[in-house]
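Compute the structure for the input listed below.
(3 chains)
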Amino acid sequence: MFGLLDCNNFYVSCERVFQPRYEGRPVVVLSNNDGNLISRSAEAKALGLKMGDPYFQVKDVLHRHDVAVFSSNYVLYGDMSRRVMYHLGQVAPAVEIYSIDEAFLDLAGMETYLGRLDAYAQKVRAGVKSRTGIPTCVGVAPTKTLAKLANRIAKKNADLDGVLYLDSAERRAWALRQVPVGDVWGVGRQYAAKLNAAGIDSAADLARVSDAWARKHLGGVVGARLVQELQGRPCAGLHASEDGTLSRQSISCSRSFGRPLSAFADMLAAVAAFLSRAAEKLRAQGDMAHVLTVYVSKNRFATNVLPPFSRSATLTLPAGPTADTTVLLGYARVLLNRIWEPGVAYHKAGVVLDGLEPPGTGQQLDLFAPATAPLVLPEKPTLVTRRPGLMASLDALNERFGRGTVRVATAVAAPSRPATAGSANRPPWEGKAQWRSPAFTTRLEDLMIVN
DNA sequence: TCTGGGGTCCTAGGACCC
DNA sequence: TCTGGGGTCCTAGGACCC
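Numbering: from 1, shown residues only, chains lettered A, B, ... in the order given. From the prediction side, this is the model:
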């Protein structure tokens, strides 16, 4: 059995924990750059506001109904998530952190001891609520896909009191009939349209298609697994997250800019800033990266811009994996030069680190590195292993004095235009965040004072 | 004027290997 | 005239997830 615990309207719930005056009122949280709606309270959903709605398109509705609007505060949400996951680690045999607000619980064999698992699921919910203030729902079922499905039904039906346990074939069949096929985990917009066209409308319909049909029309083996999981045959196990943290297979950092950039120097500074952040995450996870991708994007909504909207370049690092920001930056500059088109107004850029591995596992030595020429002092070492101390010091300083206290010079924006009021010293790639709440749990200055 | 960010998994062709 | 089989790695891109 798998459990799937999912936080309700997670970002909105995080804001409400520290500002309970927003309980019962419509609340939304915006994406970076205050671009789109990415979290809505039940009251906001009732107003017809949709996930992903651009803010500027629904601004009037928000004002008319006095909806509370927040910029996203990932420092706060990340810390609240950590607390939720920590508690789950205390009460479940194994936990897989699936996203910032969701976790799978390994409940294999627990029925032998506890009988039905409804009461246990309720206890987990109550524990998370009392320790973090975050409301949740739990689905319990024999496969991950069915646990997701059960969770979704529990969320939509208040009378279930936040828990749905699919313990019998009859209950599973009933649950499959409740859910439109487009809401099944793994069925996105494209597949939903295809399925509807083929007369497959509910999860129950999808559970009946043949293996061959699923392979042909739903992305090969992925589709076949999806159907099997709906039928109650597990195809995916639980990937336990060690000590409550998540270790990733790729790490990226990207941003939409506050205003379009068309100067190479600005773009290079932006890429350097994103790369610095990604490399920081890489080192925090204790890994090195073997593959680097840099990409730049144009405004895909502009009527005068034709696809492709994005260009990327990838490089397998010739001298092997590294976690050194400055080494990575040297390659990033080469990649950016490869995709850069002069005169284009860019709206976004990003970097991706792939091929992550812990240090010391089959690193390739550089044939041309100075170490092979003992009479020449290494002026410019190329492998991170030669100077782990520099990166460690960099990380320690930024940890202690705040992110970005010490940076590589390339990532510091040169003032390419006179500063306007309010924009003084803000790099041109930084977006808007007009309504950000305080970092209640991670900054001493932001701690609440209780009188 | 204003449209997010960070992930996973899979496919496929080309270059290359034995 | 006739030209194999079984792999890996690299790179780019698509579909999906929250």
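
I'd like to know which elements the lowest-mean-pLDDT helix or strand in chain A is packed against.
Across the helices and strands of chain A, mean pLDDT, DSSP states H and E gives its lowest value to helix A:211-217, namely a mean of 85. Other helices and strands packing on helix A:211-217, by 3 or more CB pairs under 8 Å, 6 or more residues apart in numbering; DSSP states H and E, are helix A:189-197, helix A:221-230. C-beta: built from backbone N, CA, C; applies to glycine.

mind putting these in CSV, mean pLDDT and distance to residue A:360 included?
CSV is the format used below for these (pLDDT from 0 to 100; distance: least, CB to CB, whole Å):
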stretch, mean pLDDT, distance to residue A:360
helix A:189-197, 90, 42
helix A:221-230, 90, 34
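
a markdown table please, covering those helices and showing distance to DNA strand B and mean neighbour count.
Putting those into a markdown table (distance: least, CB to the nearest atom of the strand, whole Å; neighbours: other CB atoms under 10 Å) gives the following:
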| stretch | distance to DNA strand B | mean neighbour count |
| --- | --- | --- |
| helix A:189-197 | 13 | 14 |
| helix A:221-230 | 5 | 20 |
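
TSV please, covering those and showing distance to residue A:403.
Shown next, in TSV, are the helices and strands packed on helix A:211-217 (distance: least, CB to CB, whole Å):
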stretch	distance to residue A:403
helix A:189-197	36
helix A:221-230	37
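
for the ones you listed, which one sits closest to DNA strand C?
Across these, DNA strand C has its closest neighbour in helix A:189-197 (3.1 Å, CB to the nearest atom of the strand).

Output the contacting helices and strands for that closest one.
Against helix A:189-197 (3+ CB pairs under 8 Å, 6+ apart) you get helix A:211-217.

Is there any residue in the helix it packs on that contacts DNA strand B?
No - with CB under 7 Å from any atom of the strand as the criterion, DNA strand B is not reached by helix A:211-217; the gap is at least 8.1 Å.

contact partners of that helix?
With CB atoms under 8 Å, 6 or more residues apart in numbering as the test, helix A:211-217 has contacts from A:191, A:194, A:195, A:198, A:221, A:223, A:224, A:226, A:227, A:228.

the strands in the stretch 151-300 of chain A, which residues?
A:163-165, A:251-261, A:291-297 (DSSP state E, counting those that start in this stretch).

and those, which is most packed in?
Most buried of these, by mean neighbour count (mean count of other CB atoms under 10 Å): strand A:163-165, with a mean of 24.

neighbouring contacts of that one?
If you take CB under 8 Å, 6+ apart as the criterion, strand A:163-165 is touched by A:116-118, A:121-122, A:125, A:137-141, A:150-151, A:153-154, A:157, A:171, A:175.

Would you list the strands that that strand pairs with, along with their directions?
strand A:136-141 (parallel) (DSSP bridges).

Average pLDDT for the partner strand, rounded please.
Across strand A:136-141, pLDDT averages out at 97.

can you list the residues of the stretch 101-250 of chain A near DNA strand C?
Checking the stretch 101-250 of chain A against DNA strand C by CB under 7 Å from any atom of the strand, the hits are A:101-102, A:148, A:184-192, A:219.

Which strands and helices lie in contact with the top helix by length along chain A?
Looking across chain A with DSSP state H, the single longest helix is helix A:264-284. Identification of packing neighbours for helix A:264-284 by 3+ CB pairs under 8 Å, 6+ apart yields strand A:251-261, helix A:325-339, strand A:346-354, helix A:388-401.

quick one: the third one near DNA strand B?
Yes - residues of strand A:346-354 contacting DNA strand B under CB under 7 Å from any atom of the strand: A:347, A:348, A:350.

if you skip the residues just before and after it, what's nearest to the second one?
When the adjacent residues along the chain are set aside, residue A:348 lies closest to residue A:297, with 4.1 Å between them (CB to CB, 6 or more residues apart in numbering).

In this structure the one you found contacts residue A:309, no?
Yes - under the criterion of CB atoms under 8 Å, residue A:297 makes contact with residue A:309 at 5.6 Å.

what sits in contact with each of those two?
Joint contacts of residue A:297 and residue A:309 (CB under 8 Å, 6+ apart) do not exist.

Now do the contacts for residue A:141.
A:1, A:2, A:147, A:149, A:150, A:165, A:166, A:172.

Same question for residue A:26.
So residue A:26 contacts A:40, A:41, A:43, A:44, A:46, A:47, A:49, A:65, A:66, A:67, A:68 (CB under 8 Å, 6+ apart).

In contact with the last one, which residues?
With contact taken as CB under 8 Å, 6+ apart, residue A:68 is in contact with A:22, A:25, A:26, A:27, A:28.

Now with 10 Å, please.
Contact analysis of residue A:68 by CB atoms under 10 Å, 6 or more residues apart in numbering lists A:12, A:15-16, A:19, A:21-22, A:25-29, A:41, A:43-44, A:62, A:435.

from those, which ones fall inside helices?
Going by DSSP H, the helices hold A:12, A:15, A:16, A:43, A:44, A:62 from the contacts of residue A:68.

Spatially nearest residue to residue A:283 (excluding sequence neighbours)?
residue A:323 (5.0 Å).

my guess is that neighbour contacts residue A:388, does it?
Yes - counting by CB atoms under 10 Å, residue A:323 touches residue A:388, with 8.1 Å between them.

For these two, indicate the residue with more neighbours.
residue A:323 (23 against 14; other CB atoms under 10 Å).

pLDDT below threshold where in the stretch 301-450 of chain A?
Confidence mapping of the stretch 301-450 of chain A against pLDDT under 70 gives the ranges A:361-387, A:414-425.

try the stretch 1-150 of chain A
Along the stretch 1-150 of chain A, segments meeting pLDDT under 70 are nowhere present.

Swap in 90 and give it another go.
The model of the stretch 1-150 of chain A has pLDDT under 90 over residues A:33, A:115.

Looking at it, what residue ends up closest to DNA strand C?
Closest contact between the stretch 1-150 of chain A and DNA strand C, by CB to the nearest atom of the strand, is at residue A:99 (3.8 Å).

returning to that earlier point: just name the closest of the contacts of helix A:211-217 to residue A:133, please.
Ranked by distance to residue A:133 (CB to CB), these are led by residue A:226 at 34.9 Å.

who touches the closest one in this structure?
A:145, A:184-187, A:191, A:206-207, A:209, A:214, A:218-219, A:235-236.

Pull up the gap between residue A:221 and residue A:402, please.
46 Å (CB to CB, to the nearest Å).

Check residue A:396 too.
As defined by CB to CB, residue A:396 lies at a distance of 12 Å from residue A:402.
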